[in-house]
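Q: structure for the following, please:
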Amino acid sequence: MRVLLSTYGSRGDVEPLVALAVRLRELDAEVRVCAPPDQEFAQRLAGAGVPLVPIGPSARALTTGAPPPSSLPHRAAELIAGQLDTVVPAAEGCDVVVATGVVPAAAGALSVAEKLGIPSVSVTFQQLTLPSPHHSPLAYPGRPFPPEVTDNKVLWDLDAQSINVLFGAALNTNRASIGLAPVDDVRDYVVGHSPWLATDPVLDPWLGAPCLDVVQTGAWILPDARPLPADLTAFLDSGTPPVYVGFGSMPMHTSSDVSRVAIETIRAQGRRVLVGRGWADLAVIDDQDDCFVVGEVDHRALFGRVAAVVHHSGAGTTTTAARAGAPQVVVPQGTDQPYWASRVADLGIGAAHDGPTPAFESLSAALRTALAPETRARASAVADSIRTDGAAVAAKLLLDMVGAERPPVTV
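A: Down below sits the predicted model:
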């Protein structure tokens with residue numbers, strides 16, 4: 001079986017595909033991954049023995065550059081065109097295409113599968129992109145929903161209109177270039193009838209929706225066999241468990257202020273500090289020996305040794321911290337992150353910071369909640385309920401899907 005996994009986005013969009021690729025290879029599948037050309041993605045895939053087919057511009061450069069919302073249709077057109085140029089040759093001879101990432105990228109990959117007559121699966125790593133009466137959609141930059149509208153059905157209708165305005169022309173122009181008919185509703189085309197939701201059902205319970213047959217596989221997380229670096233281990237061993245602070249793929253344009261506030265607040269709680277560099281390039285603020293900066297490490301192994309995790313509330317980091325039983329302070333920056341922050345608070349495994357910019361007083365209050373013994377006990381209990389087989393489940397489903405699509409062999 002040959003499988004093409006295609007995405008465009010941040011680390012949170014690429015890392016789950018690494019896990020799925022490894023599980024597919026264990027089933028003797030040949031796997032290719034189309035993803036942004038960032039070096040960290042290439043190294044992560046290479047470490048798993050999976051080739052990267054680079055597509056589009058650097059995701060890190062695009063994210064940290066903070067392009068204006070008005071450029072979104074133009075960037076979408078470039079991204080879809082790049083999908084057709086790259087995914088078509090990469091998908092030749094494949095038995096199935098798995099499409100995820102930002103809407104234009106997924107739409108482009110699904111169009112390639114349609115053109116080549118290859119079965120495809122649309123996957124999301126958070127349910128807020130799936131129309132449901134139980135939650136509202138995410139607003140696109142520069143296109144806020146009217147504040148007086150609160151009915152979820154109306155909001156989802158407005159969401160479909162926004163997606164068509166932003167991406168419809170670009171998608172249909174590129175589809176026409178490969179001989180495909182236009183799409184009337186871009187969101188419905190990308191979501192399809194039976195999308196996969198690759199999240200944990202405890203952290204992210206799917207409550208159902210009309211006309212959608214959602215397959216929730218569990219989160220796609222790959223156990224990391226890499227040992228923690230020796231200098232990091234020495235720091236952990238040299239004192240009480242520190243508090244980790246890091247914001248993953250979020251640029252945090254006031255990163256020096258964020259570092260100072262976070263470090264001073266954590267120190268005021270009598271705790272040592274681990275600073276995750278991330279795309280924000282967070283750093284220490286002085287030469288005291290109670291702080292240590294970490295780069296690319298096995299977060300699950302690390303989070304199992306910290307007193308709490310302060311982070312941006314991306315789906316991957318939230319799930320990893322939950323699996324490790326680490327209390328969390330989530331400082332959501334946007335998109336789906338307020339949702340994950342609310343789930344952490346609702347489950348009692350941490351605190352949701354009010355707003356994207358931590359201040360000494362607000363972060364102190366959140367840390368006090370996270371560091372309370374009852375929060376640690378609840379985080380430990382929830383950790384035991386988090387599924388660990390999501391990627392394996394998805395790999396088996398793909399294998400079964402391809403088997404069902406193949407014609408029977410006649411003798």
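Q: which of the three states applies to the residue lying closest to residue 26 once chain neighbours are set aside?
A: Take residue 26 and drop its neighbours on the chain: the residue closest to it by C-beta to C-beta, 6 or more residues apart in numbering is residue 395, 7.4 Å away. Heads up, the C-betas are built off the backbone N, CA and C, glycines and all. Using DSSP: H, G, I helix; E, B strand; the rest coil, the structure places residue 395 in helix.
Q: any idea how far residue 82 is from residue 37?
A: Separation of residue 37 from residue 82 (C-beta to C-beta, to the nearest Å): 11 Å.
Q: which one's more surrounded, those two?
A: For the pair residue 37 and residue 82, the greater number of neighbours falls to residue 82 (20 against 16), based on other C-beta atoms under 10 Å.
Q: what about the spatially closest residue to that one that is not a sequence neighbour, how many neighbours?
A: Nearest residue to residue 82 in three dimensions, chain neighbours excluded: residue 56, at 4.8 Å (C-beta to C-beta, 6+ apart). Neighbour count of residue 56, defined by other C-beta under 10 Å: 25.
Q: list the residues that contact residue 56.
A: For residue 56, the contact set (C-beta atoms under 8 Å, 6 or more residues apart in numbering) comprises 8, 36, 37, 78, 79, 82, 83, 105.
Q: select from the residues you listed every entry located in strands.
A: Judged by DSSP state E, the subset of the contacts of residue 56 located in strands is empty.
Q: could those residues go into a markdown table alongside pLDDT and distance to residue 338?
A: What follows is those, written out as a markdown table (pLDDT from 0 to 100; distance: C-beta to C-beta, whole Å):
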| residue | pLDDT | distance to residue 338 |
| --- | --- | --- |
| 8 | 95 | 23 |
| 36 | 96 | 25 |
| 37 | 95 | 30 |
| 78 | 92 | 29 |
| 79 | 91 | 26 |
| 82 | 90 | 31 |
| 83 | 89 | 29 |
| 105 | 95 | 23 |
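Q: possible to save those as CSV with distance to residue 48?
A: As requested, the contacts of residue 56 are exported to CSV (distance: C-beta to C-beta, whole Å):
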residue, distance to residue 48
8, 19
36, 17
37, 17
78, 29
79, 25
82, 24
83, 23
105, 21
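Q: per-residue pLDDT, the residue nearest to residue 82?
A: You'll see residue 56 listed with a pLDDT of 91.
Q: can I assume it sits in a strand?
A: No: Residue 56 is assigned coil when assessed by three-state DSSP, not a strand.
Q: ok, it to residue 42 distance?
A: For residue 56 relative to residue 42 (C-beta to C-beta), the value is 14 Å.
Q: circling back: out of the contacts of residue 56, which end up buried?
A: Buried members of those, scored by 16 or more other C-beta atoms under 10 Å, are 8, 36, 37, 79, 82, 83, 105.
Q: could you dump those to CSV with distance to residue 263?
A: As requested, these are exported to CSV (distance: C-beta to C-beta, whole Å):
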residue, distance to residue 263
8, 34
36, 31
37, 33
79, 37
82, 40
83, 42
105, 37
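Q: run a quick check on residue 239 versus residue 271, I expect a contact.
A: No: between residue 239 and residue 271 there is no contact under C-beta atoms under 8 Å: 9.6 Å.
Q: more neighbours: the two, which one.
A: Neighbour totals were compared for residue 239 and residue 271, and residue 271 leads with 20 against 11 (other C-beta under 10 Å).
Q: could I get the phi/psi values of the residue nearest to the more buried one when sequence neighbours are not counted?
A: Spatial nearest neighbour of residue 271, chain neighbours left out: residue 243 (4.8 Å); criterion: C-beta to C-beta, 6+ apart. Note on residue 243: its backbone torsions stand at phi -100, psi 130 [degrees, to the nearest 10].
Q: identify the bridge partners of residue 243.
A: Counting by DSSP bridges, residue 243 is bridged to residue 273, residue 308.
Q: the residue nearest to residue 26: what's it in contact with?
A: 20, 23, 24, 26, 27, 29.
Q: again, 7 Å this time
A: For residue 395, the contacting residues are 20, 23, 24, 27, by C-beta atoms under 7 Å, 6 or more residues apart in numbering.
Q: could you do residue 310 as well?
A: 243, 244, 245, 262, 329, 331.
Q: 10 Å - rerun?
A: Taking C-beta atoms under 10 Å, 6 or more residues apart in numbering as the criterion, residue 310 is in contact with 243-247, 262, 265-266, 273-276, 321, 327-331, 350-351, 353, 358, 363, 366-367, 370.
Q: still on that earlier bit, identify the contacts common to residue 37 and residue 82.
A: Common contacts of residue 37 and residue 82 (C-beta under 10 Å, 6+ apart): 54, 55, 56, 57.
Q: how near is the second one to residue 84?
A: What that stands for is residue 55. Distance of residue 55 to residue 84, given as C-beta to C-beta: 10 Å.
Q: okay, these two: which has more neighbours?
A: Neighbours were counted for residue 55 and for residue 84 using other C-beta under 10 Å; residue 55 has more, 24 against 18.
Q: before we move on, back to that, what about the contacts of residue 310, which are in helices?
A: Among these, the residues falling in helices (DSSP state H) are 262, 265, 266, 321, 363, 366, 367, 370.
Q: out of those residues, who's the most crowded?
A: Greatest neighbour count in the ones in helices among the contacts of residue 310, by other C-beta under 10 Å, goes to residue 321: 31 neighbours.
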